[in-house]
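Enquirer: From the sequence below, what's the structure:
(4 chains)
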Protein chains: 2
Amino acid sequence: MRIGETATAAGMTAKTLRFYEDRGLLPAADRAPNGYRDYPHETVSRLEFIRRGRTAGLTLAQIGDILSVRDIGQAPCVHVRDLLAKQLRDLDAQIAELTALRATVAEFHDAAAAGDPASCDPERICSYL
Amino acid sequence: MRIGETATAAGMTAKTLRFYEDRGLLPAADRAPNGYRDYPHETVSRLEFIRRGRTAGLTLAQIGDILSVRDIGQAPCVHVRDLLAKQLRDLDAQIAELTALRATVAEFHDAAAAGDPASCDPERICSYL
DNA sequence: CTTGACCTTCCAGTTTAGTGGAAGGTCAAG
DNA sequence: CTTGACCTTCCACTAAACTGGAAGGTCAAG
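Expert: Below you'll find the predicted structure:
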């Protein structure tokens, strides 16, 4: 697959793929005789993984850490495990924060949706903060 | 409360509070006769709300939208409700992404934690991607 | 009455994650 | 044999969210 096709399949631009290659999140692709990058189909799912991580608010560095498990191989397993355990703890904390936030926003929303005229009062809404 | 005390209570720096004021996330504080900002105690919880949102991966603009409910008051309730409904949809999408990501990372981790020596093989781990 | 820890404004620099555009090569189709 | 849609590199620019530092004011304590 060429870069544009791969990028489109993953919902990104070709520019972004080159940028990810530069940052080491994407291994340097094979080149066709004309110099064009030639990606295997699996690259799409790797990119989707990166995109999910980004949407979830992870930095490229964090995503790179997770992906680098692939390249660590030589290192003792304990390093891999520790890295992943830390990522899990971070993700759990982040999910907890988001869930708490969602609950707060839902409270605002329900008050507004109840049609309760008082819910339009900025002071009352503010008290939820 | 002065700016440094308020910032410390919320786990931030005074610089960040001035920055938030500049961005409209924090209303301009009252000033003491000497020109120092004087914050009410509630500012700490407002800042904690902002910090939770940031930790959860929201942008300051999104957090500002949520907080601006406070200032909308005059506007018809439907605007408030739509804004909050959109925030809820965004939060749900983000929580779903994070949860999916967590599941993937947990798979890696369990494979590594099983003590399965094969889990050290980069090719095998890679297959999860 | 000076020292130190605060505070003020303003302006510039940093990091992250891209995006835009120039200058040019490739290639199938008309 | 020339468009047009791709691709290449390289360099500069953007936006978001701070962060640092200069230059100076305030004030309680020694």
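Enquirer: For the spatially closest residue to A:D65 that is not a sequence neighbour, grab the count of nearby residues.
Expert: Of all residues beyond its chain neighbours, the one nearest A:D65 is A:L83 (6.0 Å), with distances taken as CB to CB, 6 or more residues apart in numbering or on different chains. C-beta: built from backbone N, CA, C; applies to glycine. Neighbour count of A:L83, defined by other CB atoms under 10 Å in any protein chain shown: 20.
Enquirer: Where does A:L83 sit, in terms of helix or strand?
Expert: helix A:77-113 (DSSP states H and E).
Enquirer: hmm, that helix in reach of DNA strand C?
Expert: No: Helix A:77-113 lies out of reach of DNA strand C by CB under 7 Å from any atom of the strand, never closer than 13.6 Å.
Enquirer: what inclination does that helix have with respect to helix B:77-113?
Expert: When axes from the mean of the first three to the mean of the last three CA atoms, to 10 degrees is applied, the directions of helix A:77-113 and helix B:77-113 differ by 160 degrees.
Enquirer: Leaving out sequence neighbours, find the closest residue to A:D92.
Expert: According to CB to CB, 6+ apart, the nearest residue to A:D92 is B:R102 (7.1 Å).
Enquirer: For that neighbour, report the pLDDT, please.
Expert: Looking at B:R102, its pLDDT is 91.
Enquirer: what residues are up against the nearest residue in space to A:A32 that is not next to it in sequence?
Expert: Sequence neighbours aside, A:D38 is the residue nearest to A:A32 in space, at 5.0 Å (criterion: CB to CB, 6+ apart). Contact analysis of A:D38 by CB atoms under 8 Å, 6 or more residues apart in numbering or on different chains lists A:M1, A:R2, A:A29, A:D30, A:R31, A:A32.
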